[in-house]
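[1] Take this sequence and fold it.
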Amino acid sequence: MASYVSFAEFYDGLTENVNYTDRCRYILEVFRKLNHNTGKTLDLACGTGSLTLELAKNNVDVFGADASQDMLCQAQFKALQANKDIMFLCQKMQNLYLINEIDTCVCTLDSINHLTSEKDVLNTFKGVSKFMKKSGCFLFDVNTPYKHRKILADNTFVYDTDDVFCVWQNNLLNNDTVEIFLDFFEEDKTGKYIRTSESFCERAYSHTEIINMLNKAGFELAACYGDMTFEKPKEDEQRVIYVARKI
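    Down below sits the predicted model:
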């Protein structure tokens, strides 16, 4: 997986359309509907910690884990600014190791898609299961094969924020995998633009593949929704929410 050094610096600006407050409320409502007490909660692949912080603000006993040191530096800084004592671990999803058991795990914004082999996804699910108490809940979302084939595909997107100009180029490969190339152009104090680049891949998995891997890891499906809804995912759904319960 990529280290996301450049991406970490500009991630929050490029994802400013994500309303973490609303997403946090939605996640907590999902758990309420399932009569699940969040208890000790892991925000897996927490990135720059925006959701982690929102959960903490809602009195969730939460800590975060991510493979990118640069992302975690941003997360720790935001937690300190908000006067929240949140622990952050530098760990890969597929090599999860915890000292204590957890009651809940959340993994959002297509983080699972960054794992481009079924083996890594299964190892991630097994790791969460290993450290989760019986009847604990694992909520995660994934980009769908539809999004990879029809939306990302071989398309190019351009983002122009106050901090950076970003060109996002995609290349659709086999197995619903998209190769992503990011070019960042940042203006320095002299008016010149400095270019940095990042590249990584994301893979979409079918519903059947996800359910099979969850079952192998000791989970059963508790709920499956379209993004930010409580409805069954549509055929053209771009992101799907899964909630699995530890058997």
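[2] When you work out contacts or count neighbours from here on, use the C-alpha atoms and nothing else.
    OK.
[3] Can you classify the residue lying farthest from the centre of the chain as helix, strand or coil?
    Distance to the chain centre peaks in the chain at Thr190, reaching 36.2 Å (criterion: C-alpha atoms, centre = their mean). On the three-state scheme (DSSP: H, G, I helix; E, B strand; the rest coil), Thr190 is labelled coil.
[4] Per-residue pLDDT of it, please?
    Per-residue confidence at Thr190 stands at 89 (pLDDT).
[5] Tell me how the chain divides into domains.
    Taking automatic domain parsing as the reference, the chain has its domains at 5-143+205-246, 147-202.
[6] now the last one: how far from the chain's centre is it?
    It refers to domain 147-202. Distance, stretch centre to chain centre, for domain 147-202: 18 Å (C-alpha atoms, centre = their mean, to the nearest Å).
[7] now swap in the longest one and tell me
    Taking C-alpha atoms, centre = their mean, one finds the center of domain 5-143+205-246 at 6 Å from the center of the full chain.
[8] What are the phi and psi values at the residue farthest from the centre of the chain?
    Taking degrees, to the nearest 10, you get phi -90, psi 0 for the backbone angles of Thr190.
[9] With Leu109 instead?
    As for Leu109, its main-chain torsions (degrees, to the nearest 10) stand at phi 60, psi 60.
[10] which one is Leu173 nearest to, not counting chain neighbours?
    Distance criterion C-alpha to C-alpha, 6 or more residues apart in numbering; nearest residue to Leu173, sequence neighbours excluded, is Glu179 at 7.0 Å.
[11] ditto for Phe185
    Counting by C-alpha to C-alpha, 6+ apart, Phe185 lies nearest to Arg195, which is 4.6 Å off, once chain neighbours are set aside.
[12] how would you label that neighbour: helix, strand or coil?
    Assignment for Arg195 (three-state DSSP): strand.
[13] Could you report the pLDDT at it?
    So Arg195 comes in at 93 (pLDDT).
[14] Run through the residues that contact it.
    Shown in contact with Arg195 (C-alpha atoms under 8 Å, 6 or more residues apart in numbering): Asp183, Phe184, Phe185, Glu186.
[15] Also Glu237?
    Counting by C-alpha under 8 Å, 6+ apart, Glu237 touches Thr144, Tyr146, Lys147, Gly226, Asp227.
[16] does the third one count as helix, strand or coil?
    Yep, that's Lys147 we're talking about. The three-state label for Lys147, taken from three-state DSSP, comes out as helix.
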